[in-house]
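*Asks:* Sequence plus predicted model, see below.
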Amino acid sequence: MRILLVDDEQELVSTICERLRLRGIEAEWATSSKDALKQTAIKDFDVAVLDIKMPRIGGFELKKSLQACCPHMKFIFMTGYGSEQDFKTIIEEFGQDNYLFKPVDIEELITKIALVCA
Amino acid sequence: MTESNGVHELRFFGAVTASCSHELKNVLAVVNENAGLIEDLLDLAARRGRTIDPARLMAAAQAVKAQIRRGDTIITNLNRFAHSTDETTADIVLEKAVELTLGVASRMAAMRGVALTMAPPADSLTVKTAPFALQQLMWRCLDKVTALETSRGGTINITIEPAAGGACIRIKGPAGQWSDTFTSQKDQELLTLVGAEATVNPASGEMIITLNRSAAK
């Protein structure tokens, strides 16, 4: 299983990635939607973990682009605080299991990854 | 809620506090991951005898310290911003007030791919104005300019300089795209409260707020 983590907070996304690798999970990170799309063009990922609010292109919009090039890819969204509308969108479109609040609990993230891949 | 009972002010206050609290969540998230990483490395060393790289532990500790500094700046700005409502009018150091607006607006700009920089005046400039209204006016200016700049993802430069009878704040954005030129009722109301005049030069992409030294209403 290969995971792509996308968040504009480099220190955050690289450390989560390192912690997943310590647990034997193959993971890569990107700090922008552009970078994420570049990585998916050269590697296959099973799950993308996306921050909802990122400069220019946020997680929801990125999901559409990633889905177009990788139809099999599953998605989990991360958020600090979102608007009511953000939560509505996540729950209506992606279900209760597909989002995480920051700070992220690494074991919860791994459980969510397993759930979306099941 | 209607305009007359302060909806603009509440929305502005809400936008600032939402932005700062969101940024603080990121600070906590980074601290959480670095603490978690230290825990993971110690756990692997204890259970599996894995060697701990001192440089990695040091980097994680330094990352935590850097985030504490970042969090402290955000909280300090938020506190100063909250206190801008303390007095209706006050003598303020203009560059400090603008620096505060930039601090609380930096995330809003960053979300648009825009950076904000400020060049302070050679000598400190004090004006008598409405502190909270000035914050709101500056936020609205930056909102207008960063919305235009977002397609280029550039830098907005703000300079503060003396002007006849007061001081002026120059906000340099992209040239030739201006449509909103302070004609709304709210902009006019804020300009009156602050004791300022606004001019926009679409050709140079410059927005100029000129404050009279003691004209605040």
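*Replies:* Sure thing, it's come through.
*Asks:* Mind giving me the packing neighbours of the helix or strand bottoming out on mean pLDDT in chain A?
*Replies:* Ranked by mean pLDDT, DSSP states H and E, the weakest helix or strand in chain A is helix A:84-94, scoring a mean of 75. On a contact count with 3 or more Cβ pairs under 8 Å, 6 or more residues apart in numbering or on different chains; DSSP states H and E, helix A:84-94 meets strand A:74-79. From N, CA and C alone the C-beta is placed, and that goes for glycine too.
*Asks:* Over stretch B:198-209, what's the mean pLDDT, rounded is fine.
*Replies:* In this model, stretch B:198-209 has an average pLDDT of 88.
*Asks:* Give me the buried positions along it.
*Replies:* B:198, B:200, B:205, B:206, B:207, B:208, B:209 (16 or more other Cβ atoms under 10 Å in any protein chain shown).
*Asks:* Around chain B, which positions in chain A sit nearby?
*Replies:* With Cβ under 8 Å from any Cβ of the partner chain as the criterion, chain A comes near chain B at residues A:8-9, A:11-12, A:15-16, A:18-19, A:22, A:53-56, A:80-81, A:102-104, A:106.
*Asks:* re the thing from before, wait, which of the buried residues of stretch B:198-209 is closest to chain A?
*Replies:* residue B:205 (20.5 Å; Cβ to the nearest Cβ).
*Asks:* does that closest one really touch residue B:157, like I thought?
*Replies:* No. Using Cβ atoms under 8 Å, residue B:205 makes no contact with residue B:157, being 10.4 Å away.
*Asks:* Name the residues contacting each of those two.
*Replies:* Both residue B:205 and residue B:157 are in contact with residue B:172, where contact means Cβ atoms under 8 Å, 6 or more residues apart in numbering or on different chains.
*Asks:* ok, the closest residue to residue B:198 other than its chain neighbours - contacts?
*Replies:* In space, residue B:198 comes closest to residue B:182 once its chain neighbours are excluded; the distance is 4.4 Å by Cβ to Cβ, 6 or more residues apart in numbering or on different chains. Listed by Cβ under 8 Å, 6+ apart, the contact partners of residue B:182 are B:188, B:191, B:198, B:200.
*Asks:* For residue B:166, name its beta-bridge partners.
*Replies:* Beta bridges link residue B:166 to residue B:163, residue B:212 when assigned by DSSP bridges.
*Asks:* Now do the strands for chain A: every range, in order, please.
*Replies:* Chain-ordered strands for chain A, with DSSP state E as the definition, fall at A:2-6, A:26-30, A:47-51, A:74-79, A:99-101.
*Asks:* For residue B:115, which of the ones you listed is the nearest?
*Replies:* Evaluated over the strands of chain A, closeness to residue B:115 peaks at strand A:47-51, with 19.4 Å, by Cβ to Cβ.
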